[in-house]
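Trainee: Any chance you can model this:
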Amino acid sequence: MTVQHEENGNKGVFYIEVEGKREAHMTYTKAGNDKIIIDHTEVGDRLRGKGVGYKLIEASVDFLRSNKLKVIPLCPFAKAVFDKTREYSDVLT
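Mentor: Numbers count the residues shown, from 1 in each chain. Just a heads-up that it's a prediction; the model follows:
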């Protein structure tokens with residue numbers, strides 16, 4: 001299962017496709033030049049319960065670190081993961 005990333009202007013998405021269909025995604029909006037706001041995470045029934053949401057967060061953290069960005073997790077799922085995962089604290093605003 002590979003997490004893919006797409007950016008279009010000030011919006012972006014991390015997503016997973018299964019058989020050509022997006023089954024999970026996490027969307028964000030850029031907030032200036034140094035931050036993103038994660039606003040929504042959704043995992044379809046087909047992938048639910050398999051840790052896919054965590055994979056999306058992990059991909060976003062890799063992206064944040066490699067681009068020297070910070071995150072504001074407004075999505076309740078993302079916020080919960082960032083709050084309980086200490087090793088991600090370096091990317092929080």
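Trainee: how about the helices of this structure, start to end?
Mentor: 52-66, 76-84 (DSSP state H).
Trainee: quick one: which of these is nearest residue 15?
Mentor: helix 52-66 (7.7 Å; C-beta to C-beta). C-betas here are computed from N, CA, C, even on glycine.
Trainee: for the record, mean pLDDT for that closest one?
Mentor: Mean pLDDT, helix 52-66: 98.
Trainee: Remind me what it packs against, helices and strands.
Mentor: Contact here means 3 or more C-beta pairs under 8 Å, 6 or more residues apart in numbering; DSSP states H and E; on that basis helix 52-66 packs against strand 11-18, strand 21-30, strand 35-43, strand 70-73, helix 76-84.
Trainee: give me that answer again for 6 Å
Mentor: strand 11-18, strand 35-43 (3 or more C-beta pairs under 6 Å, 6 or more residues apart in numbering; DSSP states H and E).
Trainee: Tabulate the helices of the chain in TSV, adding columns for mean neighbour count.
Mentor: Shown next, in TSV, are the helices of the chain (neighbours: other C-beta atoms under 10 Å):
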stretch	mean neighbour count
helix 52-66	19
helix 76-84	16
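Trainee: For residue 65, which of the helices and strands packed on helix 52-66 is the nearest?
Mentor: strand 35-43 (12.3 Å).
Trainee: who touches the closest one?
Mentor: 24-31, 52-53, 69-75, 77-78 (C-beta atoms under 6 Å, 6 or more residues apart in numbering).
Trainee: Residue ranges in the protein under the pLDDT threshold?
Mentor: Within the chain, not a single segment meets pLDDT under 70.
Trainee: mind redoing it with 90?
Mentor: 1 (pLDDT under 90).
Trainee: coming back round to it: kindly present the helices of the chain as CSV, with separate columns for distance to residue 12.
Mentor: Converted to CSV, these look like this (distance: least, C-beta to C-beta, whole Å):
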stretch, distance to residue 12
helix 52-66, 9
helix 76-84, 13
